[in-house]
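>>> Predicted model follows, preceded by the sequence.
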Amino acid sequence: MSSPIHIYSEIGKLKTVMLHRPGKELENLSPDILNRMLIDDIPYLKIAQEEHDYFAQTLKKQGIHVVYLEDLLAESLVKKETRINFLDKLLEESGIKNNDPLHQLLLEYLLNMPPKLMVKQVIAGIKKSEIKNVEPTLADLAEDPDYPFYMDPMPNVYFTRDQQAAIGNGMTINRMTFRARRRESLFMKTILEHHPDFKDQDIPIWRDRDTHGRIEGGDELILNNHVLAVGISQRTSATAISDLARNLFGHSSFDTILAIKIPHSHAMMHLDTVFTMINYDQFTVNPFILTKSGKIDIYVLQPDGKGDVRITPRNDLLAVLKEYLHLSEIDLIPTGGADPIAAPREQWNDGSNTLAIAPGEVVTYDRNYVSNDLLRKHGILVHEVRSSELSRGRGGPRCMSCPLVREDL
Ligand SMILES: NC(=[NH2+])NCCC[C@H](N)C(=O)O
(Lines give C-alpha, C1' and ligand atoms only; values in the text may rest on other atoms or scores of the structure.)
Protein backbone atom coordinates (compact mmCIF):
# COMPACT_ATOMS: atom_id res chain seq x y z
CA MET A 1 0.00 0.00 0.00
CA SER A 2 1.33 3.48 -0.84
CA SER A 3 1.63 5.71 2.22
CA PRO A 4 -1.74 6.95 3.55
CA ILE A 5 -0.06 10.32 4.10
CA HIS A 6 1.43 12.05 1.03
CA ILE A 7 1.33 15.86 0.93
CA TYR A 8 4.09 17.71 -0.91
CA SER A 9 2.18 20.81 -2.00
CA GLU A 10 -0.89 22.96 -1.36
CA ILE A 11 -2.16 22.51 -4.93
CA GLY A 12 -1.44 18.97 -6.13
CA LYS A 13 -4.62 17.16 -7.23
CA LEU A 14 -6.40 16.28 -4.00
CA LYS A 15 -6.95 12.52 -3.71
CA THR A 16 -7.92 11.93 -0.04
CA VAL A 17 -9.23 14.42 2.52
CA MET A 18 -10.48 14.05 6.09
CA LEU A 19 -13.58 15.96 7.21
CA HIS A 20 -15.83 16.08 10.25
CA ARG A 21 -19.56 16.63 9.74
CA PRO A 22 -20.71 18.95 12.56
CA GLY A 23 -22.90 17.19 15.13
CA LYS A 24 -24.63 17.78 18.46
CA GLU A 25 -21.58 19.68 19.69
CA LEU A 26 -23.00 22.72 17.90
CA GLU A 27 -26.34 22.28 19.70
CA ASN A 28 -24.46 22.22 23.02
CA LEU A 29 -23.24 25.79 22.49
CA SER A 30 -24.85 28.56 24.51
CA PRO A 31 -24.19 32.32 24.35
CA ASP A 32 -22.29 32.39 27.64
CA ILE A 33 -19.62 29.92 26.44
CA LEU A 34 -19.24 31.07 22.81
CA ASN A 35 -16.18 33.20 23.46
CA ARG A 36 -14.38 30.45 25.41
CA MET A 37 -15.31 27.98 22.66
CA LEU A 38 -13.77 30.22 19.94
CA ILE A 39 -17.08 30.30 18.04
CA ASP A 40 -18.71 33.62 17.07
CA ASP A 41 -22.36 32.58 16.88
CA ILE A 42 -24.45 29.46 17.37
CA PRO A 43 -24.84 27.74 13.96
CA TYR A 44 -28.24 26.24 13.11
CA LEU A 45 -27.14 22.59 13.15
CA LYS A 46 -29.60 21.30 10.54
CA ILE A 47 -28.46 23.88 7.96
CA ALA A 48 -24.80 23.59 8.96
CA GLN A 49 -25.02 19.85 8.27
CA GLU A 50 -26.73 20.44 4.93
CA GLU A 51 -23.98 22.91 4.01
CA HIS A 52 -21.28 20.49 5.12
CA ASP A 53 -22.86 17.68 3.08
CA TYR A 54 -22.84 20.01 0.07
CA PHE A 55 -19.14 20.73 0.73
CA ALA A 56 -18.39 17.00 0.92
CA GLN A 57 -20.43 16.29 -2.21
CA THR A 58 -18.59 19.05 -4.09
CA LEU A 59 -15.30 17.31 -3.28
CA LYS A 60 -16.62 13.83 -4.12
CA LYS A 61 -17.89 15.05 -7.51
CA GLN A 62 -14.26 15.94 -8.32
CA GLY A 63 -13.21 12.35 -7.61
CA ILE A 64 -11.80 13.13 -4.16
CA HIS A 65 -11.99 10.33 -1.56
CA VAL A 66 -13.64 11.85 1.52
CA VAL A 67 -13.02 10.14 4.87
CA TYR A 68 -14.63 11.20 8.13
CA LEU A 69 -12.61 11.69 11.30
CA GLU A 70 -15.26 10.02 13.45
CA ASP A 71 -15.20 6.89 11.27
CA LEU A 72 -11.40 6.66 11.39
CA LEU A 73 -11.44 7.18 15.16
CA ALA A 74 -14.21 4.62 15.76
CA GLU A 75 -12.34 2.11 13.58
CA SER A 76 -9.26 2.74 15.75
CA LEU A 77 -11.17 1.98 18.96
CA VAL A 78 -12.42 -1.54 18.27
CA LYS A 79 -10.38 -3.09 21.10
CA LYS A 80 -11.82 -2.39 24.57
CA GLU A 81 -8.35 -1.85 26.02
CA THR A 82 -7.67 0.85 23.41
CA ARG A 83 -11.00 2.50 24.22
CA ILE A 84 -10.22 2.49 27.93
CA ASN A 85 -6.77 4.05 27.41
CA PHE A 86 -8.23 6.64 25.01
CA LEU A 87 -11.05 7.57 27.38
CA ASP A 88 -8.77 7.69 30.45
CA LYS A 89 -6.57 10.20 28.61
CA LEU A 90 -9.53 12.19 27.28
CA LEU A 91 -11.18 12.38 30.70
CA GLU A 92 -7.88 13.45 32.29
CA GLU A 93 -7.53 16.20 29.66
CA SER A 94 -11.15 17.17 30.38
CA GLY A 95 -10.12 17.86 33.96
CA ILE A 96 -11.60 14.64 35.41
CA LYS A 97 -8.68 12.93 37.09
CA ASN A 98 -8.40 9.20 37.57
CA ASN A 99 -8.90 9.54 41.36
CA ASP A 100 -12.23 11.37 40.89
CA PRO A 101 -15.25 9.00 41.25
CA LEU A 102 -16.79 10.80 38.30
CA HIS A 103 -13.96 9.52 36.08
CA GLN A 104 -15.09 5.89 36.57
CA LEU A 105 -18.78 6.81 36.13
CA LEU A 106 -18.15 8.57 32.81
CA LEU A 107 -15.79 5.81 31.68
CA GLU A 108 -18.52 3.19 32.25
CA TYR A 109 -21.15 5.41 30.60
CA LEU A 110 -19.01 5.75 27.47
CA LEU A 111 -17.76 2.15 27.36
CA ASN A 112 -21.38 0.98 27.24
CA MET A 113 -21.71 2.63 23.81
CA PRO A 114 -20.58 1.21 20.47
CA PRO A 115 -17.39 3.01 19.32
CA LYS A 116 -19.04 5.27 16.71
CA LEU A 117 -21.68 6.49 19.18
CA MET A 118 -18.99 6.96 21.83
CA VAL A 119 -16.95 9.13 19.46
CA LYS A 120 -19.99 11.27 18.66
CA GLN A 121 -20.72 11.54 22.39
CA VAL A 122 -17.25 12.73 23.44
CA ILE A 123 -17.26 15.34 20.65
CA ALA A 124 -20.77 16.50 21.65
CA GLY A 125 -19.79 16.66 25.34
CA ILE A 126 -21.51 15.06 28.33
CA LYS A 127 -24.25 16.94 30.17
CA LYS A 128 -24.74 16.49 33.92
CA SER A 129 -28.35 15.54 33.18
CA GLU A 130 -27.13 12.46 31.29
CA ILE A 131 -25.47 10.89 34.35
CA LYS A 132 -27.49 9.65 37.36
CA ASN A 133 -26.49 9.11 40.98
CA VAL A 134 -23.50 11.39 41.03
CA GLU A 135 -22.46 12.89 44.37
CA PRO A 136 -22.01 16.66 43.78
CA THR A 137 -18.41 17.81 44.10
CA LEU A 138 -17.32 20.93 45.95
CA ALA A 139 -16.97 22.63 42.58
CA ASP A 140 -20.54 21.62 41.66
CA LEU A 141 -21.81 23.04 44.95
CA ALA A 142 -19.61 26.05 45.52
CA GLU A 143 -18.41 27.33 42.19
CA ASP A 144 -20.84 26.78 39.37
CA PRO A 145 -23.84 24.64 40.33
CA ASP A 146 -25.65 25.59 37.13
CA TYR A 147 -22.87 24.62 34.72
CA PRO A 148 -24.55 21.98 32.51
CA PHE A 149 -21.56 19.84 31.47
CA TYR A 150 -19.31 17.23 33.01
CA MET A 151 -17.34 17.11 29.70
CA ASP A 152 -17.32 20.23 27.50
CA PRO A 153 -18.45 19.97 23.87
CA MET A 154 -15.84 20.27 21.12
CA PRO A 155 -17.57 22.54 18.54
CA ASN A 156 -14.40 23.17 16.51
CA VAL A 157 -13.71 19.59 15.46
CA TYR A 158 -15.19 20.31 12.01
CA PHE A 159 -12.12 22.45 11.39
CA THR A 160 -10.06 19.34 10.70
CA ARG A 161 -7.22 21.45 9.29
CA ASP A 162 -5.93 22.46 12.68
CA GLN A 163 -5.54 19.51 15.06
CA GLN A 164 -2.87 17.98 12.81
CA ALA A 165 -1.10 18.66 9.54
CA ALA A 166 0.21 16.30 6.90
CA ILE A 167 3.72 17.33 5.81
CA GLY A 168 5.35 15.05 3.25
CA ASN A 169 4.78 11.47 4.41
CA GLY A 170 4.45 12.48 8.04
CA MET A 171 2.30 14.60 10.33
CA THR A 172 2.45 17.11 13.12
CA ILE A 173 0.03 16.17 15.90
CA ASN A 174 -0.58 19.61 17.24
CA ARG A 175 -0.39 21.09 20.73
CA MET A 176 -3.23 23.53 20.24
CA THR A 177 -3.33 26.94 21.85
CA PHE A 178 -6.63 27.22 23.66
CA ARG A 179 -8.09 24.74 26.16
CA ALA A 180 -11.29 24.58 24.09
CA ARG A 181 -9.42 22.78 21.29
CA ARG A 182 -6.49 21.07 23.01
CA ARG A 183 -8.20 17.66 23.38
CA GLU A 184 -8.96 17.42 19.64
CA SER A 185 -5.47 16.36 18.56
CA LEU A 186 -5.79 13.21 20.69
CA PHE A 187 -8.04 11.90 17.91
CA MET A 188 -5.41 11.82 15.14
CA LYS A 189 -2.77 10.55 17.57
CA THR A 190 -5.10 7.63 18.33
CA ILE A 191 -5.83 7.02 14.64
CA LEU A 192 -2.14 6.94 13.68
CA GLU A 193 -1.38 4.55 16.54
CA HIS A 194 -4.34 2.18 16.21
CA HIS A 195 -6.14 2.44 12.86
CA PRO A 196 -5.35 -0.53 10.55
CA ASP A 197 -4.68 1.78 7.58
CA PHE A 198 -2.16 3.91 9.50
CA LYS A 199 -0.64 2.07 12.47
CA ASP A 200 1.93 -0.06 10.59
CA GLN A 201 2.90 2.54 7.99
CA ASP A 202 5.86 4.11 9.83
CA ILE A 203 4.35 7.58 9.52
CA PRO A 204 6.87 10.10 10.92
CA ILE A 205 5.51 12.40 13.63
CA TRP A 206 7.35 15.67 12.98
CA ARG A 207 6.08 17.12 16.24
CA ASP A 208 3.83 15.56 18.88
CA ARG A 209 1.07 17.09 21.00
CA ASP A 210 3.02 16.89 24.27
CA THR A 211 5.95 18.99 23.06
CA HIS A 212 6.05 22.50 24.54
CA GLY A 213 5.10 25.23 22.08
CA ARG A 214 1.74 25.75 20.42
CA ILE A 215 1.13 25.03 16.73
CA GLU A 216 -2.03 24.63 14.64
CA GLY A 217 -2.50 23.34 11.09
CA GLY A 218 -4.09 26.54 9.80
CA ASP A 219 -0.58 27.98 10.05
CA GLU A 220 1.13 25.11 8.21
CA LEU A 221 1.27 25.52 4.40
CA ILE A 222 3.19 23.13 2.15
CA LEU A 223 4.37 25.40 -0.68
CA ASN A 224 6.30 22.64 -2.46
CA ASN A 225 8.30 19.48 -1.73
CA HIS A 226 10.97 21.36 0.23
CA VAL A 227 9.48 24.72 1.28
CA LEU A 228 6.88 25.35 3.99
CA ALA A 229 5.23 28.62 4.99
CA VAL A 230 4.30 28.67 8.68
CA GLY A 231 2.45 31.52 10.38
CA ILE A 232 3.79 33.09 13.55
CA SER A 233 0.31 33.78 14.84
CA GLN A 234 -2.18 33.78 17.69
CA ARG A 235 -2.06 30.00 17.42
CA THR A 236 1.53 29.09 16.46
CA SER A 237 4.66 30.17 18.34
CA ALA A 238 8.16 30.87 17.08
CA THR A 239 9.35 28.16 19.50
CA ALA A 240 7.21 25.55 17.80
CA ILE A 241 8.37 26.63 14.34
CA SER A 242 12.04 26.42 15.33
CA ASP A 243 11.41 22.97 16.79
CA LEU A 244 9.58 21.85 13.64
CA ALA A 245 12.50 23.07 11.50
CA ARG A 246 15.00 21.01 13.51
CA ASN A 247 12.78 17.94 13.23
CA LEU A 248 12.24 18.29 9.47
CA PHE A 249 15.66 19.43 8.27
CA GLY A 250 17.84 16.46 7.44
CA HIS A 251 14.98 14.00 8.12
CA SER A 252 12.66 14.89 5.24
CA SER A 253 12.71 16.60 1.83
CA PHE A 254 11.95 19.92 3.55
CA ASP A 255 14.85 22.35 3.97
CA THR A 256 13.19 25.77 4.11
CA ILE A 257 10.53 27.29 6.35
CA LEU A 258 9.19 30.79 5.61
CA ALA A 259 7.98 31.89 9.04
CA ILE A 260 5.49 34.69 8.32
CA LYS A 261 4.46 36.96 11.19
CA ILE A 262 0.78 37.92 11.03
CA PRO A 263 -1.45 39.98 13.37
CA HIS A 264 -2.34 38.07 16.53
CA SER A 265 -6.13 38.25 16.41
CA HIS A 266 -9.17 35.98 16.38
CA ALA A 267 -10.17 37.13 12.88
CA MET A 268 -6.70 36.23 11.60
CA MET A 269 -5.98 33.39 14.00
CA HIS A 270 -4.08 31.36 11.35
CA LEU A 271 -1.95 32.18 8.31
CA ASP A 272 -4.54 30.49 6.08
CA THR A 273 -7.12 33.13 6.99
CA VAL A 274 -4.99 35.73 5.18
CA PHE A 275 -2.79 33.78 2.74
CA THR A 276 -3.27 30.60 0.71
CA MET A 277 -1.58 29.06 -2.34
CA ILE A 278 -3.99 28.28 -5.18
CA ASN A 279 -1.78 27.68 -8.22
CA TYR A 280 1.89 27.26 -9.21
CA ASP A 281 2.37 31.04 -9.04
CA GLN A 282 -0.90 32.38 -7.66
CA PHE A 283 -1.89 33.12 -4.04
CA THR A 284 -4.76 34.74 -2.20
CA VAL A 285 -3.63 37.38 0.25
CA ASN A 286 -5.41 39.71 2.61
CA PRO A 287 -3.82 43.03 1.64
CA PHE A 288 -4.12 44.42 5.16
CA ILE A 289 -1.44 42.11 6.55
CA LEU A 290 1.09 44.09 4.49
CA THR A 291 2.32 47.53 5.51
CA LYS A 292 1.55 50.49 3.24
CA SER A 293 4.88 49.82 1.53
CA GLY A 294 3.89 46.16 1.04
CA LYS A 295 6.17 44.81 3.74
CA ILE A 296 5.67 41.97 6.24
CA ASP A 297 8.02 40.27 8.72
CA ILE A 298 9.28 36.98 7.30
CA TYR A 299 12.04 34.81 8.82
CA VAL A 300 13.59 32.25 6.47
CA LEU A 301 14.74 29.15 8.35
CA GLN A 302 17.25 26.81 6.67
CA PRO A 303 19.91 24.31 7.81
CA ASP A 304 23.08 26.16 8.82
CA GLY A 305 25.32 23.27 7.78
CA LYS A 306 26.34 22.68 11.41
CA GLY A 307 23.26 20.78 12.52
CA ASP A 308 21.24 23.82 13.52
CA VAL A 309 19.01 26.39 11.86
CA ARG A 310 20.06 29.61 10.12
CA ILE A 311 17.53 32.48 10.36
CA THR A 312 17.39 35.15 7.63
CA PRO A 313 15.03 38.09 8.31
CA ARG A 314 13.21 39.39 5.22
CA ASN A 315 10.25 41.74 4.66
CA ASP A 316 9.19 41.48 1.00
CA LEU A 317 6.64 38.68 0.51
CA LEU A 318 6.70 38.85 -3.29
CA ALA A 319 10.51 38.75 -3.45
CA VAL A 320 10.72 35.88 -0.93
CA LEU A 321 8.15 33.77 -2.77
CA LYS A 322 9.88 34.36 -6.12
CA GLU A 323 13.30 33.53 -4.68
CA TYR A 324 12.44 30.41 -2.70
CA LEU A 325 9.84 29.00 -5.10
CA HIS A 326 12.04 29.85 -8.11
CA LEU A 327 9.28 31.77 -9.86
CA SER A 328 9.77 34.71 -12.19
CA GLU A 329 6.27 36.04 -11.67
CA ILE A 330 3.88 35.82 -8.71
CA ASP A 331 0.17 36.70 -8.74
CA LEU A 332 -1.00 37.84 -5.29
CA ILE A 333 -4.82 38.08 -5.57
CA PRO A 334 -6.17 40.43 -2.88
CA THR A 335 -9.17 39.32 -0.82
CA GLY A 336 -12.23 41.39 -1.61
CA GLY A 337 -10.31 43.13 -4.34
CA ALA A 338 -8.52 45.12 -1.60
CA ASP A 339 -11.69 47.19 -1.21
CA PRO A 340 -11.58 48.84 2.28
CA ILE A 341 -15.03 47.46 3.13
CA ALA A 342 -15.34 44.25 1.08
CA ALA A 343 -11.84 43.02 2.00
CA PRO A 344 -12.31 43.03 5.80
CA ARG A 345 -15.85 41.66 5.39
CA GLU A 346 -14.74 38.80 3.18
CA GLN A 347 -11.63 38.06 5.23
CA TRP A 348 -13.87 37.80 8.32
CA ASN A 349 -15.97 35.25 6.38
CA ASP A 350 -12.89 33.37 5.18
CA GLY A 351 -12.61 34.79 1.70
CA SER A 352 -8.87 34.09 1.79
CA ASN A 353 -9.35 30.58 3.15
CA THR A 354 -9.51 28.77 -0.18
CA LEU A 355 -9.01 25.03 -0.52
CA ALA A 356 -7.05 24.14 -3.67
CA ILE A 357 -8.15 20.78 -5.10
CA ALA A 358 -5.83 21.00 -8.12
CA PRO A 359 -3.52 23.66 -9.56
CA GLY A 360 -5.74 26.69 -10.30
CA GLU A 361 -8.91 24.98 -9.01
CA VAL A 362 -10.35 25.92 -5.62
CA VAL A 363 -13.33 25.56 -3.30
CA THR A 364 -14.56 28.76 -1.64
CA TYR A 365 -17.52 30.07 0.34
CA ASP A 366 -20.25 31.43 -1.94
CA ARG A 367 -20.77 34.49 0.30
CA ASN A 368 -17.40 35.94 -0.69
CA TYR A 369 -18.57 36.95 -4.15
CA VAL A 370 -16.13 39.85 -4.60
CA SER A 371 -13.14 37.56 -3.97
CA ASN A 372 -14.68 34.77 -6.05
CA ASP A 373 -15.26 37.04 -9.06
CA LEU A 374 -11.68 38.27 -8.83
CA LEU A 375 -10.33 34.72 -8.64
CA ARG A 376 -12.22 33.90 -11.84
CA LYS A 377 -10.86 37.02 -13.52
CA HIS A 378 -7.39 35.65 -12.67
CA GLY A 379 -8.20 32.37 -14.39
CA ILE A 380 -9.02 30.31 -11.31
CA LEU A 381 -11.72 27.61 -11.51
CA VAL A 382 -13.92 28.29 -8.47
CA HIS A 383 -16.34 25.79 -6.89
CA GLU A 384 -18.61 27.70 -4.48
CA VAL A 385 -20.15 26.05 -1.42
CA ARG A 386 -22.90 27.39 0.85
CA SER A 387 -21.72 28.92 4.10
CA SER A 388 -24.37 30.86 6.02
CA GLU A 389 -24.12 28.60 9.09
CA LEU A 390 -20.69 26.98 8.74
CA SER A 391 -18.95 30.36 8.63
CA ARG A 392 -20.25 31.24 12.14
CA GLY A 393 -17.45 29.00 13.42
CA ARG A 394 -14.97 31.44 11.81
CA GLY A 395 -13.44 28.99 9.38
CA GLY A 396 -13.62 28.29 5.66
CA PRO A 397 -13.07 25.44 3.18
CA ARG A 398 -9.35 25.13 3.92
CA CYS A 399 -10.05 25.11 7.67
CA MET A 400 -12.67 22.39 7.27
CA SER A 401 -10.37 19.97 5.45
CA CYS A 402 -7.31 17.90 6.29
CA PRO A 403 -5.66 16.73 3.06
CA LEU A 404 -4.07 13.31 3.51
CA VAL A 405 -3.01 12.53 -0.08
CA ARG A 406 -2.28 14.82 -3.03
CA GLU A 407 -0.73 13.93 -6.38
CA ASP A 408 2.84 15.16 -6.84
CA LEU A 409 3.22 18.16 -9.12
N1 LIG B 1 -7.44 26.91 9.71
C2 LIG B 1 -8.29 27.75 10.20
N3 LIG B 1 -8.31 29.04 9.79
N4 LIG B 1 -9.13 27.32 11.20
C5 LIG B 1 -10.21 28.13 11.75
C6 LIG B 1 -10.59 27.64 13.13
C7 LIG B 1 -11.78 28.40 13.75
C8 LIG B 1 -12.01 28.00 15.18
N9 LIG B 1 -13.27 28.59 15.69
C10 LIG B 1 -10.84 28.43 16.08
O11 LIG B 1 -10.88 29.54 16.58
O12 LIG B 1 -9.91 27.67 16.26
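Structure's in. What do you need?
>>> Let me know the distance separating the closest residue in space to Gln62 that isn't next to it in sequence from Phe178.
Spatial nearest neighbour of Gln62, excluding adjacent residues (Cβ to Cβ, 6 or more residues apart in numbering): Ile357 at 5.7 Å. (Glycine included, C-beta is placed from N, CA and C.) For Ile357, the distance to Phe178 (Cβ to Cβ, to the nearest Å) stands at 29 Å.
>>> now Ala358
Applying Cβ to Cβ, the value for Ala358 to Phe178 is 33 Å.
>>> Neighbour count for the two, which is higher?
Applying other Cβ atoms under 10 Å to Ala358 and Phe178 shows that Ala358 carries more neighbours, namely 18 against 15.
>>> what pLDDT does that one get?
As predicted, Ala358 sits at a pLDDT of 98.
>>> show me what contacts it?
Counting by Cβ atoms under 8 Å, 6 or more residues apart in numbering, Ala358 touches 11-14, 62.
>>> What about those, which one has the most neighbours?
Leu14 (26 neighbours).
>>> backbone phi and psi for that one, please?
phi -80, psi 130 (degrees, to the nearest 10).
>>> wait, isn't it in contact with Ile64?
Yes - with contact defined as Cβ atoms under 8 Å, Leu14 and Ile64 form a contacting pair (5.1 Å).
>>> Report the set of residues contacting both of the two.
Residues touching both Leu14 and Ile64 (Cβ under 8 Å, 6+ apart): Ile357.
>>> Find the nearest non-adjacent residue to whichever residue of the stretch 201-350 of the chain sits closest to the ligand, please.
The ligand sits closest to Gly218 of the stretch 201-350 of the chain, with a gap of 2.5 Å, by Cβ to the nearest ligand atom. Among residues not flanking Gly218 along the chain, His270 sits closest, at 2.7 Å (Cβ to Cβ, 6+ apart).
>>> same question, Arg310
Asp304 (3.9 Å).
>>> Need phi/psi at the one you found.
Backbone torsions for Asp304, taken as degrees, to the nearest 10, come to phi -90, psi 0.
>>> And for Pro334?
Pro334 adopts backbone torsions of phi -80, psi 130, taken as degrees, to the nearest 10.
>>> Quick check: nearest residue in space to it, chain neighbours excluded?
Nearest residue to Pro334, sequence neighbours excluded (Cβ to Cβ, 6+ apart): Pro287, at 4.4 Å.
>>> pretty sure the one you found contacts Ala338?
Yes - counting by Cβ under 8 Å, Pro287 does reach Ala338; the two are 4.4 Å apart.
>>> ok, these two, which is more surrounded?
Higher neighbour count among Pro287 and Ala338: Pro287, with 19 against 15, using other Cβ under 10 Å.
>>> what about Lys398, which SS state?
Quick fix: residue 398 reads Arg, not Lys. Under DSSP: H, G, I helix; E, B strand; the rest coil, the three-state class of Arg398 is coil.
>>> if I look at it, how far off is the ligand?
Separation of Arg398 from the ligand (Cβ to the nearest ligand atom, to the nearest Å): 6 Å.
>>> Can you name the residues that contact that residue?
161, 218, 272, 276, 350, 353-355.
>>> residues near His264, how many?
11.
>>> For it, give its distance to Tyr150.
With Cβ to Cβ as the criterion, His264 and Tyr150 are 33 Å apart.
>>> Show me what from the stretch 151-300 of the chain comes close to the ligand.
Those residues of the stretch 151-300 of the chain that sit near the ligand, judged by Cβ under 6 Å from any ligand atom, are 156, 159, 161-162, 181, 218, 269-270, 272-273.
>>> Low-confidence ranges, the stretch 101-250 of the chain, go.
Judged by pLDDT under 70, the stretch 101-250 of the chain has no weakly predicted residues.
>>> who's in contact with the residue of the stretch 1-150 of the chain found nearest the ligand?
Closest residue of the stretch 1-150 of the chain to the ligand, Cβ to the nearest ligand atom: Leu38 (3.4 Å). For Leu38, the contacting residues are 156, 178, 180-181, 266, 394, by Cβ under 8 Å, 6+ apart.
>>> And Val370, by the same measure?
Shown in contact with Val370 (Cβ under 8 Å, 6+ apart): 336-337, 339, 342, 346, 351.
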